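Asker: Provided below are the primary sequence and the corresponding predicted coordinates.
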Amino acid sequence: MKRNTMTALVCAISIFATGSAWAASSKQSRQLTICQNTEFALCAASTCVATGGFVKNNQGKKYSAASCECPIIVGDNVADLNGGNMKGSCTSSNPNLVYSTFEFADSFPQLIAGTWQDAPSVMQVCPSQDSFSQCWNWACTRDGTQNGIALAACTCPIEQTSDAFVTQAGQGDSSACAELPVGGPLFFNPSSTHTDGGH
């Protein structure tokens, strides 16, 4: 299995699996949607900082919150319109607000060595003792531009898992695992998977 295919597969499993902050309530089912050619925050490679406060989902459940700086891009993206604190639409009526959703991309803007720049997507697996931020379907506020890249300040739940989790933060540097990276839980042992290195 080629690296990009494996990355996409693992990310898909992690994002669309049921996690505590993502799960739809029994009264409201998921509404998975492809939002076509819309602005969205792509937080996949962001690290975050705990706010000490909380964020509520659509059902009023509270989660410990993290603040994450994410690039705003335009394109097709995957959302659960009933998830997080989305309001049933890909876009908000508030022009200062965008939603953090997801797309598979070989490269996208990331903060590297203090500079926002376009960089390849690099996946890594982090140990279960670290916590991660889960930004899929959560609201963000526009936060200016840096180096020509539009940014959003996103408030996201902090998650923990008994398994490892996957993130695209850190460009493969494992120190990012301790910085509340945006990610998703793995429900299998990654060492048990087989890849052929593209051969």
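Answerer: Thanks, I have it.
Asker: Residue ranges in this protein under the pLDDT threshold?
Answerer: Per-residue confidence for the chain (pLDDT under 70) gives these ranges: 1-28, 187-199.
Asker: do that again at 50, thanks
Answerer: For the chain, the stretches with pLDDT under 50 are 1-10, 12-14, 16-18, 22-27, 190-199.
Asker: how about the strands in it?
Answerer: For the chain, the strands defined by DSSP state E occupy 32-41, 48-56, 62-80, 97-100, 107-112, 115-120, 124-126, 132-133, 138-146, 149-159, 165-167, 183-185.
Asker: which of those sits most buried?
Answerer: Mean neighbour count, computed with mean count of other C-beta atoms under 10 Å, is highest for strand 132-133 among the strands of the chain, reaching a mean of 30. No exception for glycine: its C-beta is placed from N, CA and C like everyone else's.
Asker: helices or strands next to it in the packing?
Answerer: In terms of contacts (3 or more C-beta pairs under 8 Å, 6 or more residues apart in numbering; DSSP states H and E), strand 132-133 is packed against strand 149-159, strand 183-185.
Asker: buried stuff in stretch 160-175?
Answerer: 161, 164-170 (16 or more other C-beta atoms under 10 Å).
Asker: Give me the distance from it to the chain's centre.
Answerer: Between the mean C-alpha location of stretch 160-175 and the chain-wide mean there is a distance of 12 Å, by C-alpha atoms, centre = their mean, to the nearest Å.
Asker: Tell me what the residue nearest to A119 when sequence neighbours are not counted is bridged to.
Answerer: Beyond its immediate neighbours in the sequence, the residue positioned closest to A119 (C-beta to C-beta, 6 or more residues apart in numbering) is Q110, lying 4.8 Å away. In this structure, Q110 has beta-bridge partners Q117, where bridges are defined by DSSP bridges.
Asker: For burial, what's the neighbour tally of A113?
Answerer: As a burial measure, the neighbour count of A113 was computed by other C-beta atoms under 10 Å and equals 6.
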